[in-house]
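Peer 1: output the structure for:
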Amino acid sequence: MTKHSRELIQSLESDWCDALCRKDAEKLRSLVHPDFVLIGTRSSGPFTMARDEWIDAIQRREVDSIDVQVRDATVLDQVMIGTVHARWRLKYLGRIIEDCVLLTDVWVFDEGRWQAIRRHSTPAPCDVP
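Peer 2: Numbering: from 1, shown residues only. Now for the predicted structure:
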């Protein structure tokens, strides 16, 4: 992983976090590709969520804090893959949720900018250095 690739993905991830915290749907739409899919696992089992459904769910959450740390980054001409450890605290459907996940974000260079097209979320221990 080069310093440049880590900085590029860290910058995009920070922009994404800021937009999430502000519930800025317009900024999220600019960062998240129209074909975006979130893939993850909950206690109820695996799930997938398309972009519009995901952005709608964001509007119903109150994000208290998000901390992301880029663990690995690969940058190619038109594709980037970031491995990110994330820790967040949010309020959703009246409940406080604190969670840690390991994310694999796939970014594509499309329409003159980097956009996330896939995010795979896996539960992770919160005490990972």
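
Peer 1: what's the neighbour count on the residue found closest to Gln115 once you drop the neighbours it is linked to in the chain?
Peer 2: Leaving aside its sequence neighbours, Gln115 sits nearest to His33 (C-beta to C-beta, 6 or more residues apart in numbering; 4.0 Å). Heads up, the C-betas are built off the backbone N, CA and C, glycines and all. Applying other C-beta atoms under 10 Å, we find 20 residues neighbouring His33.

Peer 1: which parts of this structure are strands?
Peer 2: Using DSSP state E, the strands of the chain run over 32-42, 45-50, 61-75, 79-92, 95-110, 113-123.

Peer 1: quick one, which of these gets closest to Ser14.
Peer 2: Minimum separation from Ser14 across these (C-beta to C-beta) falls at strand 61-75, 7.3 Å.

Peer 1: mind listing what's buried in that closest one?
Peer 2: Using 16 or more other C-beta atoms under 10 Å as the test for burial, strand 61-75 gives Arg61, Val63, Ile66, Val68, Val70, Ala73, Val75.

Peer 1: show me the contacts for the first one.
Peer 2: By C-beta atoms under 8 Å, 6 or more residues apart in numbering, Arg61 lies in contact with Lys23, Leu90, Lys91, Tyr92.

Peer 1: at 6 Å what do you get?
Peer 2: Contact analysis of Arg61 by C-beta atoms under 6 Å, 6 or more residues apart in numbering lists Leu90, Tyr92.

Peer 1: likewise the last one?
Peer 2: The contact partners of Val75, by C-beta under 6 Å, 6+ apart, come to Ser5.
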